[in-house]
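[1] Mind folding the following:
(one chain, ligands or ions: 2)
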Amino acid sequence: MKKHPVLKIEHMNITFTQYERGLRQVELPVIRDLNVEVHAGEVVAVAGSSGSGKSLLAHGVMGVLPYNASMGGQISYCGEKLTEKKLKKLRGSEIVIVPQSISYLNPLKQIGSQICKGDKSKTKKKKLQEIFNRYDLKPEVETLYPFELSGGMNRRVLISTAMIESPRLVIADEPTPGLDLRAAKRAMEHFRELAAQGAAVLVITHDLELALETVDKIVVFYAGTTIEEASVKDFEQEETLRHPYTKALWRAMPRNGFQFIEENQPYVKELPRGCPFVKQCSMQKEDCKKDVQNRMVRGGLVRCLCAE
Ligand SMILES: Nc1ncnc2c1ncn2[C@@H]1O[C@H](COP(=O)(O)OP(=O)(O)O)[C@@H](O)[C@H]1O
Ligand SMILES: [Mg+2]
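    Ligands and ions are numbered 1, 2, ... in the order given. Sure, this is the predicted structure:
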């Protein structure tokens with residue numbers, strides 16, 4: 001029997017309620033029919049341009065969405081519904097997040113106690129030493145405050161805060177910007193190690209090239225939905241990919257010639273019902289504007305009528 005994925009997100013949607021001038025209430029559906037699955041031992045990358053909904057996905061799973069957001073769909077953890085009660089119990093220990101911004105660090109708390117979350121036990125102290133070694137942080141950093149560190153160091157502190165636990169599920173929201181290549185690679189290797197110990201890791205990233213060196217599977221986001229799920233091997237050539245947007249991402253990678261397409265993600269208010277990429281797609285058909293469901297093509301999921 002196949003084991004349950006550690007994290008399974010099915011048909012997630014997130015809508016913001018906003019008030020326009022004249023107090024007219026508007027609904028902004030920023031995430032629609034989003035599906036992601038991560039198994040124990042797996043590192044999955046979520047790639048997509050800025051504003052495609054990657055952070056909202058992470059916040060939705062962690063139960064920390066803004067007050068004017070509502071979420072639908074199902075999230076399960078190890079085969080069971082991830083309830084608010086369960087989340088409250090596991091957040092910060094079994095389920096951890098590396099947030100996107102270093103502004104999540106507490107400016108008034110020393111780094112050491114921030115990473116250890118107040119735990120002063122010997123075991124925790126030892127773990128702190130190990131994690132400082134791993135992320136090239138000197139022992140004296142323990143008693144410093146975030147404002148005394150560089151951006152890159154704070155970024156490593158942010159990663160350490162999550163990784164000092166023994167998590168079963170890690171969600172890292174763009175953990176590597178601001179890090180030099182060596183530190184970025186080290187963080188990715190650490191995710192890999194945790195996965196080897198049985199954790200499920202979801203890494204949200206802009207850096208497709210770095211992700212391809214470390215992860216097992218890539219989920220591609222566009223305008224708030226999943227448009228393709230492909231293995232790393234599928235990224236070896238453009239032909240083995242399925243969605244025209246994923247192919248465009250592939251061509252934009254430095255090693256494939258940096259051929260950028262104009263970033264033209266539709267604004268949520270103007271989203272077509274079907275494929276969000278339809279306006280820019282050279283293969284578009286009339287039916288692409290209607291509902292387009294995820295389907296299996298050559299062993300990978302894709303939301304495209306033309307993929308074969
Ligand atoms: N509090 C909010 N109110 C309204 N819209 C929001 C709010 N937070 C995020 N959004 C919108 O949701 C979309 C996805 O945001 P986000 O998940 O942060 O993108 P990403 O992390 O992929 O760059 C964006 O278009 C953003 O403008
Ligand atoms: Mg983000």
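
[2] if I look at the closest residue to residue 293 other than its chain neighbours, how far off is residue 197?
    In space, and not counting its chain neighbours, residue 293 is closest to residue 303: 6.9 Å by C-beta to C-beta, 6 or more residues apart in numbering. (C-beta placed from N, C-alpha, C; glycine too.) Taking C-beta to C-beta, to the nearest Å as the measure, residue 303 falls 33 Å from residue 197.

[3] Please apply the same query to residue 53.
    To residue 197, residue 53 is 30 Å away according to C-beta to C-beta.

[4] Tell me who's in contact with residue 47.
    205, 206, 208, 211, 218, 219, 220, 221, 249 (C-beta atoms under 8 Å, 6 or more residues apart in numbering).

[5] Pretty sure the first one sits against residue 44.
    Right, the one you point to is residue 205. No: when contacts are counted by C-beta atoms under 8 Å, residue 205 is not listed as touching residue 44 (10.6 Å).

[6] Okay, now the sheet partners of the helix or strand harbouring residue 296, with direction.
    Taking DSSP states H and E as the criterion, residue 296 maps to strand 295-297. Applying DSSP bridges, strand 295-297 is found paired with strand 300-302 (antiparallel).

[7] What lies in contact with the partner strand?
    Contacts for strand 300-302 (C-beta under 8 Å, 6+ apart): 35, 226, 227, 228, 229, 230, 231, 234, 242, 243, 294, 295.

[8] Who does the nearest residue in space to the fifth one that is not next to it in sequence form a beta bridge with?
    If the residues on either side of it in the chain are set aside, residue 229 comes closest to residue 301, at 4.1 Å by C-beta to C-beta, 6+ apart. With DSSP bridges applied, the residues forming beta bridges to residue 301 are residue 229, residue 296.

[9] What is the burial count for residue 301?
    19 (other C-beta atoms under 10 Å).

[10] State the distance from it to ligand 2.
    For residue 301, the distance to ligand 2 equals 22 Å [C-beta to the ion, to the nearest Å].

[11] got the residues of this protein near ligand 2?
    Residues of the chain lying close to ligand 2 (C-beta under 5 Å from the ion) are 54, 55, 100.

[12] and those residues as a markdown table, adding neighbour count and pLDDT?
    What follows is the residues of the chain next to ligand 2, written out as a markdown table (neighbours: other C-beta atoms under 10 Å; pLDDT from 0 to 100):
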| residue | neighbour count | pLDDT |
| --- | --- | --- |
| 54 | 23 | 93 |
| 55 | 16 | 94 |
| 100 | 18 | 91 |
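
[13] In the longest helix seen in the chain, which residues are buried?
    The longest helix of the chain (DSSP state H) is helix 181-196. Neighbour counts over helix 181-196 (16 or more other C-beta atoms under 10 Å) mark 183, 184, 186, 187, 188, 190, 191, 194, 195 as buried.

[14] I'd like these as CSV, with pLDDT appended.
    Putting these into CSV (pLDDT from 0 to 100) gives the following:
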residue, pLDDT
183, 90
184, 92
186, 90
187, 91
188, 93
190, 91
191, 94
194, 92
195, 94
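
[15] Let me know the closest of those to residue 17.
    Comparing the buried residues of helix 181-196 against residue 17 with C-beta to C-beta places residue 191 closest, at 35.1 Å.

[16] For the stretch 101-250 of the chain, which segments count as helices?
    111-116, 122-134, 151-163, 181-196, 208-214, 244-252 (DSSP state H, counting those that start in this stretch).

[17] helices or strands up against the fifth one?
    Spelled out, it's helix 208-214. The contact analysis (3 or more C-beta pairs under 8 Å, 6 or more residues apart in numbering; DSSP states H and E) places helix 208-214 against strand 43-47, helix 181-196, strand 217-222.

[18] Of those, which is nearest ligand 1?
    With C-beta to the nearest ligand atom, the closest approach to ligand 1 among the helices and strands packed on helix 208-214 belongs to strand 217-222: 6.8 Å.
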